[in-house]
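Engineer: coords please:
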Amino acid sequence: MAQHNTAGKEGEALAAAFFKKRGYEILHQNWRYSRYELDLIALHNGKVHFIEVKYRSSKSFGMPEEKVTLKKFRNLTLAADEFLYQHPQYKYIQFDILSINKAGFDNPEYFLIEDIYF
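Structural biologist: Alright, predicted model coming up:
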C-alpha cells in the first residue's frame, strides 16, 4: 500500500475515534457515489454530519485544513445530495472539517471546523 494511503487510513481511524469519543454514531466511512467520496458520515443529536478529514504527518505541506478547496466542497455537497436522496429520513445536516496534525507531536493535534459553507 502506498504511503499516502496508509496515512489516510490512519487519519480516518483517528477521526472515527475522535467522534465516537464525543458521542457521534459513525454511519459510514468512505461512502462513495460515482467519483465522489465522503470521509465520514456521522449522526449526533438528530443531525447528520458530513465530515471531511484532513490528516498530515509532516509540516512540509501546510496545515491540513488548508487543503479543502471550493472544488472539494462542491464535490462533498454532490455526494451529500446523493446520500440524502438515498436516505430521505435525515432532515438536518451539517458539513464539518476535522484537521489532524501529527507533525512532530507525540499525540495528534485536532482542529474541528463545524458547520462550514462556501
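
Engineer: how distant is the lengthiest helix in the chain from the center of its chain?
Structural biologist: Ranked by residue count and defined by DSSP state H, the top helix of the chain is helix 3-21. On the basis of CA atoms, centre = their mean, to the nearest Å, helix 3-21 sits 9 Å off its chain's mean C-alpha point.

Engineer: Can you list the buried residues in that helix?
Structural biologist: Within helix 3-21, the residues that qualify as buried are 8, 11, 12, 14, 15, 16, 18, 19, counting by 16 or more other CB atoms under 10 Å. C-betas here are computed from N, CA, C, even on glycine.

Engineer: In TSV: these, plus distance to residue 36.
Structural biologist: Shown next, in TSV, are the buried residues of helix 3-21 (distance: CB to CB, whole Å):
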residue	distance to residue 36
8	16
11	19
12	16
14	23
15	18
16	20
18	23
19	21
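
Engineer: From those residues, which shows the smallest pLDDT?
Structural biologist: On pLDDT alone, residue 8 ranks lowest of those, at 70.

Engineer: For that residue, give me its contacts.
Structural biologist: residue 55 (CB atoms under 8 Å, 6 or more residues apart in numbering).

Engineer: Tell me where this protein has helices.
Structural biologist: Using DSSP H, helices in the chain cover 3-21, 70-86.

Engineer: For residue 28, find the nearest of the ones you listed.
Structural biologist: Proximity to residue 28, assessed across the helices of the chain by CB to CB, is greatest for helix 70-86 (8.1 Å).
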